[in-house]
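Chemist: test case, fold it:
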Amino acid sequence: MKRTHPKTLPIGHACFTLYFNKISIHSSGNLLSRQAINGHCLPYICTVHSQLPFYKLSMQSSDSPSTKTIYIIRHGQTDFNQLGIVQGAGIDSDINAFGKQQADAFFQAYKHIPFAHIFVSALKRTHQTIAPFKNIGIPVSTLSELNEINWGILEGKKPNDQSRKEFYTMLKYWRNGELDRAINGGETPMAMAKRQKIGLQKIEAMAETPFLICMHGRALRAFLCLLLNNPLQQMDQFKHENVCLYVLEKHKNDAHYSIILRNNLDHLSHLKH
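Modeler: Numbering: from 1, shown residues only. I've put the predicted structure just below:
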């Protein structure tokens with residue numbers, strides 16, 4: 001098959017590139033690889049600039065058997081999130097009215113993705129966030145290994161100067177590699193990472209992808225380090241918001257996953273709060 005030069009249409013700030021059997025999406029400088037539409041091979045390279053959000057460009061076809069794709073979201077907003085109160089594994093809170101709007105917005109944007117399975121933590125805020133997908137028959141499994149870290153004595157308490165100091169001091173310890181430290185009564189990052197590794201083994205035992213995982217802020221940061229094989233002390237580099245989306249892929253010969261979409265909020269852009 002003869003290759004031709006890329007065809008570029010300058011109609012926006014993002015672009016996607018179709019090349020034989022793959023689509024690569026470029027947004028804010030990141031290269032995002034996806035399978036071609038319906039698996040068809042394409043006879044030429046086609047680079048198209050577009051202002052469409054990622055979910056408008058997502059493919060409806062299932063993954064190649066040689067590629068694993070994981071979609072990861074954080075749960076919808078809770079009252080604790082809104083008030084800036086620390087909640088971890090010890091606080092089993094509900095998502096609030098705005099959190100339900102966020103959950104529905106994500107569902108409307110991504111219901112066309114043929115998720116083979118959904119994994120949630122044992123905390124109900126993750127179950128409530130993916131409920132629209134469960135309602136259309138997608139199987140859901142609960143893995144306590146995906147639970148949020150336990151923040152010990154800080155959980156559920158209105159923050160004050162002392163608690164903020166303790167919280168941020170602990171984050172500094174972790175960034176410096178002191179990962180066996182924990183808030184009094186809480187969990188260490190090392191303990192969280194150990195259980196997450198077990199959880200990932202259970203998830204990857206599933207033959208088909210794409211998967212959808214709904215989890216928690218600190219747990220999400222650590223889980224991304226596991227998927228990417230990054231040092232755990234680097235977890236703070238992964239930013240997150242309620243119902244933000246990360247998408248990762250691992251091809252047949254890859255040792256680890258790669259991020260193709262990071263902390264994406266396109267699906268929430270129409271919400272007012």
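Chemist: all the strands of the chain, in order from the start?
Modeler: 7-9, 14-19, 22-27, 30-35, 46-50, 67-74, 117-120, 140-142, 211-215, 245-251, 258-264 (DSSP state E).
Chemist: show me how this protein divides into domains.
Modeler: If you go by automatic domain parsing, the domain ranges for the chain are 1-52, 61-268.
Chemist: work out which residue lies at the spatial centre of the protein.
Modeler: In the chain, the residue lying closest to the centroid (Cα atoms, centre = their mean) is residue 72, at 2.5 Å.
Chemist: please name the bridge partners of it.
Modeler: Beta bridges link residue 72 to residue 213, residue 246 when assigned by DSSP bridges.
Chemist: hang on, it packs against residue 248?
Modeler: Yes. The criterion here is Cβ atoms under 8 Å, and residue 72 meets it with residue 248 at 7.2 Å. Quick note: C-beta positions are derived from backbone N, CA and C, even for glycine.
Chemist: shared neighbours of these two, which are they?
Modeler: residue 224 (Cβ atoms under 8 Å, 6 or more residues apart in numbering).
Chemist: just to revisit the earlier point, I'd like the domains of the chain as CSV, with mean pLDDT appended.
Modeler: Shown next, in CSV, are those (pLDDT from 0 to 100):
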stretch, mean pLDDT
domain 1-52, 37
domain 61-268, 96
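Chemist: what's the most buried one of those domains?
Modeler: The highest mean neighbour count among the domains of the chain, using mean count of other Cβ atoms under 10 Å, belongs to domain 61-268: a mean of 18.
Chemist: and that one, how far out from the chain's middle?
Modeler: Chain-centre distance of domain 61-268: 6 Å, with Cα atoms, centre = their mean, to the nearest Å.
Chemist: if I look at residue 80, how far off is residue 154?
Modeler: 12 Å (Cβ to Cβ, to the nearest Å).
Chemist: list the residues that contact both of the two?
Modeler: Each of residue 86 lies in contact with both residue 80 and residue 154 under the rule Cβ under 8 Å, 6+ apart.
Chemist: now the helices for the protein?
Modeler: Using DSSP state H, the helices assigned to the chain run over residues 54-57, 79-83, 97-110, 124-129, 131-135, 161-175, 189-204, 217-228.
Chemist: which residues does the last one contact?
Modeler: Under the contact criterion Cβ under 8 Å, 6+ apart, helix 217-228 has outside partners 70, 72, 74, 88, 121, 146-149, 189, 192-193, 196-197, 200, 213, 215, 230-232, 234-236, 238, 240, 246, 248, 256-259.
Chemist: put the alpha carbons of stretch 119-138 into PDB.
Modeler: Taking C-alpha atoms only, stretch 119-138 is exported to PDB below (Å, rounded to 0.1, in the frame of the first residue of the first chain):
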ATOM      1  CA  PHE A 119     -14.300  -2.400  38.900                       C
ATOM      2  CA  VAL A 120     -15.100  -0.300  42.000                       C
ATOM      3  CA  SER A 121     -13.900  -0.100  45.600                       C
ATOM      4  CA  ALA A 122     -15.900  -1.300  48.600                       C
ATOM      5  CA  LEU A 123     -17.000   2.300  49.300                       C
ATOM      6  CA  LYS A 124     -20.400   3.300  48.100                       C
ATOM      7  CA  ARG A 125     -19.400   6.500  46.500                       C
ATOM      8  CA  THR A 126     -17.700   4.600  43.700                       C
ATOM      9  CA  HIS A 127     -20.800   2.300  43.200                       C
ATOM     10  CA  GLN A 128     -23.100   5.300  43.000                       C
ATOM     11  CA  THR A 129     -20.800   7.000  40.400                       C
ATOM     12  CA  ILE A 130     -21.000   4.100  38.000                       C
ATOM     13  CA  ALA A 131     -24.600   3.100  38.600                       C
ATOM     14  CA  PRO A 132     -25.800   4.300  35.200                       C
ATOM     15  CA  PHE A 133     -23.500   1.800  33.500                       C
ATOM     16  CA  LYS A 134     -24.600  -1.000  35.900                       C
ATOM     17  CA  ASN A 135     -28.200  -0.200  35.000                       C
ATOM     18  CA  ILE A 136     -27.600  -1.000  31.300                       C
ATOM     19  CA  GLY A 137     -26.100  -4.400  32.200                       C
ATOM     20  CA  ILE A 138     -22.400  -4.000  32.400                       C
END
